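S.K.: Pasting a predicted model and its sequence here:
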Amino acid sequence: MSFINRNHPQQVAVRGALDEVDDRTTPDEVFGPIADRFGGFSVDAAAAQHNARCERYWTRADDGLSQSWAGEKVWCNPPYSNLAEWVHKAHNEARQAELIVMLLPANRTEQGWWQDWIEPWRDGRHEYGPQTEFWRGRTRFIKAGQTEIKPNERPPFGCVLAIWGLA
């Protein structure tokens, strides 16, 4: 199954989120340079044992949304079926966290979570707002149970990094 936009809010509202879409690994060639750039991360806030990008990570059972991010350098590739809660959490934790770097789909900037928690604050508009970096092309992710990206598994959207904590 290719990476069709299957966890868009309209689909999730009708039938719920699909784990096979949310449960993907950020590949080393994407995560490695980001981790190097920021000197590593102390925790992966939305992970599973098979896709964690940091030694320390919070699983669904640990509930990264209920954890304190104070003093942490947070990496988060959130479940795309629940972006609003994760972006709101980052917005609320930005003053206490050392750094938060979140990988988000770039094709949803019209949605409430972007318009409420990123757009009014981003790129120098507020001291604790995120910096945003839109990426060229489409980032490919590794499906659960696989070790590599198969052909035609590119998502139908680009990505943006939202970075809270850059002074």
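M.R.: It's in. Numbers count the residues shown, from 1 in each chain.
S.K.: Show residues contacting stretch 52-67.
M.R.: 25-26, 31, 35, 40-49, 75-77, 85-86, 89 (CB atoms under 8 Å, 6 or more residues apart in numbering). Quick note: C-beta positions are derived from backbone N, CA and C, even for glycine.
S.K.: now do 6 Å
M.R.: The set of residues external to stretch 52-67 that reach it, using CB atoms under 6 Å, 6 or more residues apart in numbering, is Thr26, Phe31, Phe41, Val43, Asp44, Ala45, Ala46, Ala47, Ala48, Trp75, Glu85, Lys89.
S.K.: which among those residues end up buried?
M.R.: Those of these that meet the buried threshold are Thr26, Phe31, Phe41, Val43, Asp44, Ala45, Ala46, Ala47, Ala48, Trp75, Lys89, by 16 or more other CB atoms under 10 Å.
S.K.: For the closest residue to the fourth one other than its chain neighbours, give me phi and psi.
M.R.: Ranked by CB to CB, 6 or more residues apart in numbering and with sequence neighbours excluded, the top spatial neighbour of Val43 is Arg56, at 4.9 Å. Main-chain dihedrals, Arg56, degrees, to the nearest 10: phi -100, psi 130.
S.K.: Next, count neighbours for Arg56.
M.R.: Arg56 is flanked by 11 other residues according to other CB atoms under 10 Å.
S.K.: Quick check: closest non-adjacent residue to Trp121.
M.R.: Here the residue nearest Trp121, using CB to CB, 6+ apart, is Gly129, at 3.0 Å.
S.K.: right, and that neighbour touches Glu119 too?
M.R.: No. Counting by CB atoms under 6 Å, Gly129 does not reach Glu119; the two are 9.4 Å apart.
S.K.: Would you mind telling me which of the two has more residues around it?
M.R.: Gly129 (20 against 15).
S.K.: Who are the contact partners of Pro78?
M.R.: Contacts of Pro78 (CB under 6 Å, 6+ apart): Ala46, Trp86.
S.K.: Just the pLDDT for the residue nearest to Glu98 when sequence neighbours are not counted.
M.R.: Spatial nearest neighbour of Glu98, chain neighbours left out: Lys73 (5.0 Å); criterion: CB to CB, 6+ apart. Note for Lys73: predicted pLDDT of 98.
S.K.: do the one 5 residues further on as well
M.R.: According to the predicted model, the pLDDT of Pro78 comes to 94.
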